[in-house]
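[1] Quick one: sequence plus predicted model below, questions after.
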Amino acid sequence: MPVIAIDLAMHHLLAEPEDQALVEVQLAAAEDAAMDFLNRRFYLNQVALEAARAGVQEMMQEAKEANAAALDAADAEQDHTIRCRLLEHARKALAAAYDQADAIAYGMVINPSIQAACLLKLGHLFANREEVVTGATAVELPLASQHLLMPHRIRMGV
């Protein structure tokens with residue numbers, strides 16, 4: 001469920017009421033893209049953030065238990081190649097679960113910069129509904145949305 005109000009998104013796009021279903025999907029995609037870029041989740045207010053954080057320890061415990069079960073299943077496999085693949089799947093699943101828990105634990109309340117970045121991304125998605133451009137010269141525009149998000153990004157990696 002998007003954090004940004006659909007009414008604000010519709011107003012930002014100057015969209016018609018019949019476009020609302022499309023805008024809702026694109027708004028969710030814009031917010032997901034922003035959260036993926038930030039490596040953290042954002043929430044409407046502090047209450048929502050704290051509610052999400054309250055479940056982090058349980059998420060990590062469930063991930064640990066699922067990993068233990070996956071390791072047991074891998075150990076039971078007789079074929080070495082399959083066992084190695086099962087161990088790799090278990091490792092990746094645990095890492096993904098911990099990354100998801102970290103994204104929530106390091107979550108934040110949405111601020112004007114993040115909201116503006118999401119609306120910029122939404123505008124791009126709404127204006128460019130296809131991956132191809134016909135009858136015009138395509139020019140890559142600077143990603144202002146990333147510049148707005150960059151100060152809030154964590155764990156950027158290499």
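    Arrived safely. Numbering: from 1, shown residues only.

[2] With just CA atoms, put the worst-scoring helix or strand of the chain on mean pLDDT into CSV.
    When each helix and strand of the chain is scored by mean pLDDT, DSSP states H and E, helix 144-149 comes last, with a mean of 87. Output in CSV follows, covering the C-alpha atoms of helix 144-149 (Å, rounded to 0.1, in the frame of the first residue of the first chain):
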residue,chain,number,x,y,z
ALA,A,144,16.8,14.1,-10.0
SER,A,145,15.0,11.6,-8.0
GLN,A,146,18.3,9.8,-7.1
HIS,A,147,19.8,13.1,-6.1
LEU,A,148,17.0,13.6,-3.7
LEU,A,149,17.3,10.1,-2.3
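
[3] Show me where the chain dips below the pLDDT cut-off.
    Across the chain, the ranges flagged by pLDDT under 70 are 138-142, 157-158.

[4] Look up how far Asn67 lies from the residue sitting furthest away from the middle of it.
    Centroid-distance maximum for the chain: Gln78 at 37.8 Å, with CA atoms, centre = their mean. For Gln78, the distance to Asn67 equals 21 Å [CB to CB, to the nearest Å]. The C-beta positions use only the backbone N, C-alpha and C, and glycine is treated the same way.

[5] Spell out, range by range, the helices that occur in the chain.
    Taking DSSP state H to define them, one finds helices in the chain at 6-13, 20-38, 46-54, 56-76, 80-105, 112-127, 144-149.

[6] What residues sit buried inside the second one?
    Counting neighbours by 16 or more other CB atoms under 10 Å, one finds that the buried residues in helix 20-38 are Val23, Gln26, Leu27, Ala30, Glu31, Ala33, Ala34, Met35, Phe37, Leu38.

[7] could you redo those as CSV and give each row distance to Glu16?
    Formatted as CSV, those follow (distance: CB to CB, whole Å):
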residue, distance to Glu16
Val23, 10
Gln26, 14
Leu27, 15
Ala30, 19
Glu31, 22
Ala33, 24
Ala34, 25
Met35, 28
Phe37, 29
Leu38, 31
